[in-house]
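Visitor: Model the structure of this input:
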Amino acid sequence: MRNISTRKRIWGWWFFDWASQPYHTLLVTFIFSPFFSEVAEHYYLTLGLSDAAAEAKAQTLWAIGMTVTGLMIGFGAPFIGALADISGRKRPWLIGFSLMYALGAWGIWYSDPAGSNLWWMLVTFGFGFIGAEFALIFANSQLPSLGGKDDVGAISGSGFAFGYLGGVIALFIMLVFFLELKEGKTVVGLEPAFGLDPETSEDRRVVGPLTSLWFIVFMVPYFLWVKDDAHTGKRGTLGQAVTLVVSSVKALRNRASLASYLGSSMLYRDALNGLYGFGGVYASLVLDWEILNIAAFGIISAIAAAAFSWVGGVADKRYGPKPVIIAAILVLTLVCITVVNMSRDALFGVPLAEGSTLPDAIFFGCGMMIGGFGGILQAASRSLMVRHTDPAKATESFGLYGLSGRATAFLAPMLIGVATTLTGSARLGISPVILLFVLGLIALRWVKAEGDQG
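Guide: Numbers count the residues shown, from 1 in each chain. The predicted structure is shown next:
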């Protein structure tokens, strides 16, 4: 392990993004979330609800699942990070959370397309998602050790680009070999692999095992090439972790830039997660897209994310992360305004001809912007966090970063759920995301572009 070059360590670290991205691409956004919404909507229709009420109920249920999961991630992250910093060991935690990722994803295979186990679908998805997000905290905390502050932006951007490319390939495999689209055939005319039965949604439920196996296989380079920190010989206790986290939070009073950044990123990353978590649901419920359209939307978005993330990394290296973050938020806010003001029948209140494909074309364009600038926003955000991080407390610091990204992770799903319930519209239910982006942008005003490492 001692002879592993820095370049190989960087490639190993990039493989974490490659291995983990399908949970977000396939499950959170493009395959499982619309599948869940369709199953839930059909289930509520069988209970006698109207179409609009069933759509709203399905989106609200998904919002509840994302809210609970986000709370567990947000409030657990800093304490787990502190425990790891005390011992100096990250690998045991990564292995444990990797197992959660793999088991949770695999559990999706046991979903009932008739809707009898909607809560099981949410629980197994949430279990894996918690594992994915906690593992990400530990991987992110290794970024400061991979290069100087002028290099981490490009390293971070390239990592996200590599990860999104992995997501595209995983989605492509799903479309070509598994997903039935018409008359029992996949998009290229093949029967679903392994004799999967579309009548029982096996062609869609297999997305869970596919995501799980993908992660297991491609985490191998990461574990081979990214060495663990030196073991301190200490065994942290929960009490010590709580003390460290409380001290770090109190210290924020003297670190205005970091406090402002954590507050800002808490808002705009929550908004971004809301977009990711409800993009596929919106396409299914509002635009009535079939799975082929949603999958194509996913491929275009992921390709854009890969390309834009790399470009964003280059821009980060040249201009620094803060201007890049501001530009990304502005673009995503405009995208949200467009999405909220678009339906199958009208655009910004202007009626459209019956059967118009303009909403489809616009939403495909919005997908490119969400994927592209969402990737830029995430890459630049962890780059700016490095500029506020003491390398000796990297995991704890990124635990706080995880807390800021998840402490109010319930907020976007909750607000979307409330707005959807009050308006009875899945389209208008997305509107709170706009407010979160704007508030996050305002809070960036007090963040130092060069950071502060305390």
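
Visitor: Would you map the helices across the stretch 51-200 of the chain?
Guide: With helices called from DSSP state H, counting those that start in this stretch, the stretch 51-200 of the chain shows them at 51-87, 91-106, 118-140, 152-173.

Visitor: what's the most buried one of those helices?
Guide: helix 152-173 (a mean of 24; mean count of other C-beta atoms under 10 Å). For the C-beta atoms, the positions are set from N, CA and C on the backbone; glycine is no exception.

Visitor: Just the CA trace of that helix, in CSV.
Guide: Taking Å, rounded to 0.1, in the frame of the first residue of the first chain, the C-alpha atoms of helix 152-173 are listed here in CSV:
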residue,chain,number,x,y,z
VAL,A,152,-8.8,19.5,-5.7
GLY,A,153,-11.4,21.3,-7.8
ALA,A,154,-10.2,19.6,-11.0
ILE,A,155,-9.9,16.2,-9.1
SER,A,156,-13.4,16.6,-7.7
GLY,A,157,-14.9,17.6,-11.1
SER,A,158,-13.2,14.7,-12.9
GLY,A,159,-14.4,12.3,-10.2
PHE,A,160,-18.0,13.4,-10.7
ALA,A,161,-17.6,13.2,-14.5
PHE,A,162,-16.2,9.7,-14.2
GLY,A,163,-19.1,8.8,-11.8
TYR,A,164,-21.8,10.1,-14.1
LEU,A,165,-20.2,8.2,-17.0
GLY,A,166,-20.6,5.1,-15.0
GLY,A,167,-24.2,6.0,-14.3
VAL,A,168,-24.8,6.4,-18.1
ILE,A,169,-23.3,3.0,-18.9
ALA,A,170,-25.3,1.3,-16.1
LEU,A,171,-28.5,2.9,-17.4
PHE,A,172,-27.5,1.8,-20.9
ILE,A,173,-27.1,-1.8,-19.8
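
Visitor: list the helices and strands that helix packs on?
Guide: Counting contacts by 3 or more C-beta pairs under 8 Å, 6 or more residues apart in numbering; DSSP states H and E, helix 152-173 is packed against helix 6-22, helix 207-218, helix 291-319, helix 358-386.

Visitor: Minimum distance to L422: which of the helices of the stretch 51-200 of the chain has it?
Guide: Nearest of these to L422, taken as C-beta to C-beta: helix 51-87 at 9.6 Å.

Visitor: Give me the mean pLDDT for the closest one.
Guide: What helix 51-87 shows for mean pLDDT is 80.

Visitor: do the same with stretch 387-404
Guide: Model confidence over stretch 387-404, given as mean pLDDT, is 69.

Visitor: do the same with stretch 92-102
Guide: Mean predicted confidence for stretch 92-102 is 93.

Visitor: for that stretch, the distance to its chain's centre please.
Guide: 17 Å (C-alpha atoms, centre = their mean, to the nearest Å).

Visitor: Then stretch 143-152?
Guide: That offset, for stretch 143-152, works out to 23 Å (C-alpha atoms, centre = their mean).

Visitor: can you check stretch 357-373 too?
Guide: On C-alpha atoms, centre = their mean, the centre of stretch 357-373 falls 18 Å from that of its chain.

Visitor: what pLDDT, on average, does that stretch get?
Guide: 85.

Visitor: got the buried residues for it?
Guide: For stretch 357-373, burial by neighbour count (16 or more other C-beta atoms under 10 Å) applies to P359, I362, F363, C366, G367, M368, M369, I370, G371, G372, F373.

Visitor: ok so, going back, which of the helices and strands packed on helix 152-173 is buried the deepest?
Guide: helix 358-386 (a mean of 24).
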